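>>> Test case, fold it:
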Amino acid sequence: MTHGQVVDVEQKFAAFSDHWRPRVAAQLNGQDVRLVKVQGVFPWHSHAEAEEMFLVWKGRFRVEFRDRVETLGPGQFIVVPRGVEHRTAADEEAEVMIFEPSEVINTGDAPTSDFTAPSGQTI
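Numbering: from 1, shown residues only. Predicted structure coming up:
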């Protein structure tokens, strides 16, 4: 895919416009580097077997937990521990990089919905 090649993150984000549909930009050690544009509010969910790392590339992005809300800006990241219920949100469009195991479904344990993205979509 991108092993040994430079990836231009800005160029990759410019190649798509839909929200909540992560694209795999690279893979390493069983993990995906996914790029996603977000706007609005994502459903509550958790991932029993996986942690997720969200790194904001552009815009403002929230990770909401049942007991608090963390707001991130460009250059900031957060790791959501496995099994912790959360939802993500952005009032205006934001661009986010997600690092998680390749087999993770974006909606986790939430029922399948319009937010459930196809697996393995690359960019």
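>>> who's in contact with the lowest-mean-pLDDT helix or strand in the chain?
Taking mean pLDDT, DSSP states H and E as the measure, the helix or strand of the chain with the lowest value is strand 23-28, at a mean of 94. With contacts defined as Cβ atoms under 8 Å, 6 or more residues apart in numbering, strand 23-28 is touched by 1-3, 7, 9, 12, 16, 32-36, 97, 102, 120-123. Just so you know, the C-beta spots here come from the backbone N, C-alpha and C atoms, and that holds for glycine as well.
>>> just the buried members of those residues?
Burial by neighbour count, 16 or more other Cβ atoms under 10 Å: within those this picks out 12, 32-36, 97, 123.
>>> For this structure, which segments count as strands?
With strands called from DSSP state E, the chain shows them at 23-28, 31-41, 52-58, 61-65, 69-72, 77-80, 86-101.
>>> rewinding a little: pick out the lowest-pLDDT one from the buried ones among the contacts of strand 23-28.
Model confidence across these bottoms out at I123, which has 87.
>>> so where is this protein shaky, pLDDT-wise?
The model of the chain has pLDDT under 70 over residues 1-2.
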